[in-house]
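Chemist: Show me how the following folds:
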Amino acid sequence: MSKLKPITPKKKPTLKRPSTPPGEVRIIGGQWKRTKLAVAHFPGLRPTPDRVRETLFNWLGQDMSGMHCVDAFAGTGVLGFEAASRGAAHVLMVEQQSQVLAQLQSTATKLQAKTVKVERGDGVSALKIISAKSIDVVFLDPPFDAIGVADAALSAASRVVKDTGYIYFESPKALTADEAEVYGLLLHRQGKAGMVHYHLLQRIPAISKTD
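Modeler: This next block holds a predicted model:
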């Protein structure tokens, strides 16, 4: 009668530590490249991943000198700080939650970000009072669970962005070309990272009428 082989316990897989610990996000380009920014611990706060930001700023161009930008739902502020790091002339960051806002203000002070203005408020309301066709890039990363906010944000952003400007938009589902057209926008480029879909949009050019 053969003896049963003793059962040896399986080794637990070794977990690799992330290069950037939770609670931090890293700027990937420009004058503040590799600078780590603290992230406030707040439910629903989701920094745009490095890979997505790299793709986005490849689309937009690495040099953003002279551009005017709005980060309408700033959160960690990493999109706005990336733009400022790459030379944007002015970046307005709008955030409603006081805890997150305090972290944004602390980061702006730490970086001595003179071209960044941090403002408390609602992103859609802030966009509504900005002059039409005055912004080069609008960053939109609205809360995924807030009903109607994404629609309102896209409508407001389409009014303030220049004809040559761009709107960056994150959402839990892909935006189709037909859906973008409802807001007077063209779907320029898009991608997906995990469960997040990201898009780069432009205004639909006005058709000139001739007699």
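Chemist: Show me where this structure has its helices.
Modeler: Per DSSP state H, the chain carries helices over the ranges 50-60, 78-85, 98-111, 123-128, 149-160, 177-182.
Chemist: For the first one, C-alpha coordinates in PDB please.
Modeler: As requested, C-alpha coordinates have been extracted for helix 50-60 and formatted as PDB (Å, rounded to 0.1, in the frame of the first residue of the first chain):
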ATOM      1  CA  ASP A  50       0.200  58.100 -15.600                       C
ATOM      2  CA  ARG A  51      -0.300  56.100 -18.800                       C
ATOM      3  CA  VAL A  52      -3.500  58.000 -19.700                       C
ATOM      4  CA  ARG A  53      -1.900  61.400 -18.900                       C
ATOM      5  CA  GLU A  54       1.100  60.400 -21.100                       C
ATOM      6  CA  THR A  55      -1.300  59.600 -24.000                       C
ATOM      7  CA  LEU A  56      -3.300  62.800 -23.400                       C
ATOM      8  CA  PHE A  57      -0.300  65.100 -23.500                       C
ATOM      9  CA  ASN A  58       1.000  63.300 -26.600                       C
ATOM     10  CA  TRP A  59      -2.300  64.200 -28.200                       C
ATOM     11  CA  LEU A  60      -2.300  67.800 -26.900                       C
END
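Chemist: Mind listing residues that contact that helix?
Modeler: 20, 26, 28-29, 48, 78-79, 82, 86, 137, 166, 168, 188-189, 191, 193, 196, 198, 200 (Cβ atoms under 8 Å, 6 or more residues apart in numbering). Glycine gets a C-beta too; all of them are placed from N, C-alpha and C.
Chemist: Would you mind listing the residues in contact with the residue positioned nearest the centre of the chain?
Modeler: Most central in the chain under Cα atoms, centre = their mean is Leu79, positioned 4.7 Å from the mean C-alpha point. Residues near Leu79 by Cβ under 8 Å, 6+ apart: Thr48, Arg53, Leu56, Asp71, Phe139, Asp141, Tyr168.
Chemist: Would you state the strands of this structure in chain order?
Modeler: Listed in chain order, the strands found in the chain under DSSP state E are 24-26, 36-38, 68-71, 90-95, 116-120, 135-140, 161-171, 185-193, 196-203.
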